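Asker: Got a predicted structure here, sequence first:
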Amino acid sequence: MLAALAPVLAFARPAIDWHALAPEIILTATICIVLLVDVSTSERNRWATSSIAGIGMLAALIPILTLAVKGGPRIMFGGAYVVDDFALVLKALFLVAGYVTLLLSTNEIAEGDFWEGEYYLLVLSSVFGMTVMASARDLITIFIALEMLSIPAYLLAGWRKREVKGNEAGMKYYLMGVFATAVMLYGMSLIYGGTNSTVLAEIGRQIHGSFGKEPVAALGIVFVLVGFAFKVSAVPFHNWAPDTYEGAPIPITAFLSVASKAAGFVAILQLVFLAFLGRGDVIRPLMWILAALTMTVGNLIALRQTNIVRLFAYSSVAQAGFMLAPLAVVGSSASTTREVLQAVVGYLLIYTVVNLGAFAVIIAVGRKTKSGEISSFGGLFEYAPGLAVAMGAFLFALAGIPPLVGWFAKFQVFKALVSQGGASGITMAVVVGVNSVIALYYYANIARTMFMDAPPDGDRTPIRVPVPLLAAMGMAAAATLVVGFIPGVVAHLAEHATFALGG
């Protein structure tokens, strides 16, 4: 009986490439080990969970490197899960961002009746969802990955459960997230109903065909992209970001502003380039409006902020607008489409490094001042010149001032927009230029406070920075300075982060 069923069972079993799944397997094993250590050791020994989590993330980078060396896409489950160059670059970004978040979290875990092990379990689980998202090439897989990364993030945002702002942060993030997910799922149902497929490659073929001409296709595309616009805090879906960023622990704020945002952009890129490119006439105006509103509203509101975390929340909104801008010309030509993908991926890589470095300085200064007000940075150059110089570098990199690495991110965006040659691309380039000047104003204002104002309380006691925090800051500062002179490193990664079609 079993012998007769053997061919059927062999046919039904999907082929699994264990090497391609190695990063996720390592993260899963790390989650299990951290959980066991957390529940089986005394409180005094639970510090080991942070070390285990960090080692697990670094270990997961090893198979990413070996997969990159071997080359070639790995396509599994009928094209629903693909490990290609795009996935490898973004998986590495998520793991590095997660590791740096752990470094930022040293001595920063809010007190309460949560143990540290739970904190690291949630960070690991969210990063695991992000790595799955990087390889997802199917609507169902994308949705599952989104929930895997979002649910731990909701809990992390509300980590300070005994504070009103902490509860507000978690609830706003959760409620807005659920609403956005419902909108996205409705859009996915419309797409599936018209194509009878959830695989992005097959959807792309049908969007290029007769189904793409149907009004329901345009409606489904808009709903799906709007759902992910929430994840990247695009206007008008950004209202959760300032309160969530302010109420969450600062390491989690940094994590949400870079890794979680990058995961949202990964999903948008996969959907736009693999599934929806046949309806560029729908995508381009939608992205044009979202990008223009997001960068303008984010920058204008940031001008009025006195709290540095809220300022960086609105700065993060504006930066999302800069990243959305190239998508306003996607699909207008083959060469422009390639440049759009390179511009967005390159911007994600640069923004992640620079923003994590800026939050490292915010954490270091906050340990001394116990304040989030921009005025508390007054006189920082007098008693902590290294921190002031590093923060200045991060601020001007975010503003796109050469020779810091941020200039290359802005240059790639301008290049993609201008290469299209049409009025929409040129106009968007002008909007990006104007908003870059606005952003420079509030970034420079922080620098002025650090270098020209006196300490608000007259306290010039030097700041002692923990080694892990100093390591995170040093890595980010080195990348900001060095890669600014040799941007070919980022350009090479962005150029090779291309999709492989599955299915």
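Answerer: That came in fine, so what should we check first? Quick caveat, the model's predicted, so the values are computed rather than measured.
Asker: so when I look at residue 75, I'm seeing a strand, right?
Answerer: Yes - assigned with DSSP: H, G, I helix; E, B strand; the rest coil, residue 75 falls within a strand.
Asker: What is the burial count for it?
Answerer: Neighbour count for residue 75, taken as other C-beta atoms under 10 Å: 22. Bear in mind the C-beta positions are built from the backbone N, C-alpha and C, glycine included.
Asker: Also residue 155?
Answerer: 21.
Asker: quick one: contacts for it?
Answerer: Contact analysis of residue 155 by C-beta atoms under 8 Å, 6 or more residues apart in numbering lists 122, 170.
Asker: Find the helix or strand that it is a member of.
Answerer: helix 139-157 (DSSP states H and E).
Asker: Quick one: classify the closest residue to residue 118 other than its chain neighbours as helix, strand or coil.
Answerer: Leaving aside its chain neighbours, residue 118 sits nearest to residue 38 (7.0 Å; criterion: C-beta to C-beta, 6 or more residues apart in numbering). Following three-state DSSP, residue 38 is assigned to helix.
Asker: Residue 38 touches residue 124, doesn't it?
Answerer: No - with contact defined as C-beta atoms under 8 Å, residue 38 does not reach residue 124; the gap is 11.5 Å.
Asker: Who has more neighbours out of the two?
Answerer: residue 124 (28 against 20).
Asker: how about the more buried one, phi and psi?
Answerer: Dihedral angles of residue 124 (phi, psi; degrees, to the nearest 10) stand at phi -60, psi -40.
Asker: where's it relative to residue 130, distance?
Answerer: Per C-beta to C-beta, to the nearest Å, residue 124 is found 11 Å from residue 130.
Asker: Pull up the overlap in contacts between the two.
Answerer: residue 98.
Asker: pLDDT (mean, whole number) over the helix or strand hosting residue 481?
Answerer: Using DSSP H and E, the element containing residue 481 is helix 467-485. Average pLDDT, helix 467-485: 89.
Asker: Tell me which residues are up against it.
Answerer: Contact with helix 467-485 is made by 100, 102-104, 106, 350, 353-354, 356-357, 360-361, 363-364, 387, 390, 393-394, 397, 402-408, 465, 489-490, as judged by C-beta under 8 Å, 6+ apart.
Asker: Drop anything exposed from these.
Answerer: In the contacts of helix 467-485, burial by neighbour count holds for 100, 102-104, 106, 350, 353-354, 356-357, 360-361, 363-364, 387, 390, 393-394, 397, 404-408, 465, 490, counting by 16 or more other C-beta atoms under 10 Å.
Asker: helices and strands around the helix or strand where residue 88 lies, which ones?
Answerer: In this assignment (DSSP H and E), residue 88 forms part of helix 85-104. Helices and strands touching helix 85-104, by 3 or more C-beta pairs under 8 Å, 6 or more residues apart in numbering; DSSP states H and E, are helix 48-70, helix 116-135, helix 250-255, helix 261-270, helix 334-369, helix 467-485, helix 488-496.
Asker: For that helix, what does the pLDDT average out to?
Answerer: For helix 85-104, mean pLDDT rounds to 92.
Asker: Run through the stretch 51-200 of the chain and note the low-pLDDT ranges.
Answerer: Within the stretch 51-200 of the chain, the stretches falling below the threshold (pLDDT under 70) are 107-116.
Asker: which intervals of the stretch 401-503 of the chain have sub-threshold pLDDT?
Answerer: For the stretch 401-503 of the chain, residues meeting the criterion pLDDT under 70 lie at 500-503.
Asker: Kindly recompute the last result at 80.
Answerer: The stretch 401-503 of the chain contains residues with pLDDT under 80 at 420-421, 457-460, 499-503.
Asker: Distance-wise, check the spatially most central residue of the chain relative to residue 363.
Answerer: Nearest to the geometric centre of the chain sits residue 262, at 2.1 Å (C-alpha atoms, centre = their mean). Distance of residue 262 to residue 363, given as C-beta to C-beta: 20 Å.
Asker: before we move on, what about residue 50?
Answerer: 15 Å.
Asker: thinking again about what came up before, okay, buried residues for the helix holding residue 481 please.
Answerer: Within helix 467-485, the residues scored as buried using 16+ other C-beta under 10 Å are 468, 469, 470, 472, 473, 475, 476, 477, 479, 480, 483, 484.
Asker: Relative to the whole chain's centre, how far out is it?
Answerer: 19 Å (C-alpha atoms, centre = their mean, to the nearest Å).
Asker: cool, and stretch 75-84?
Answerer: That offset, for stretch 75-84, works out to 22 Å (C-alpha atoms, centre = their mean).
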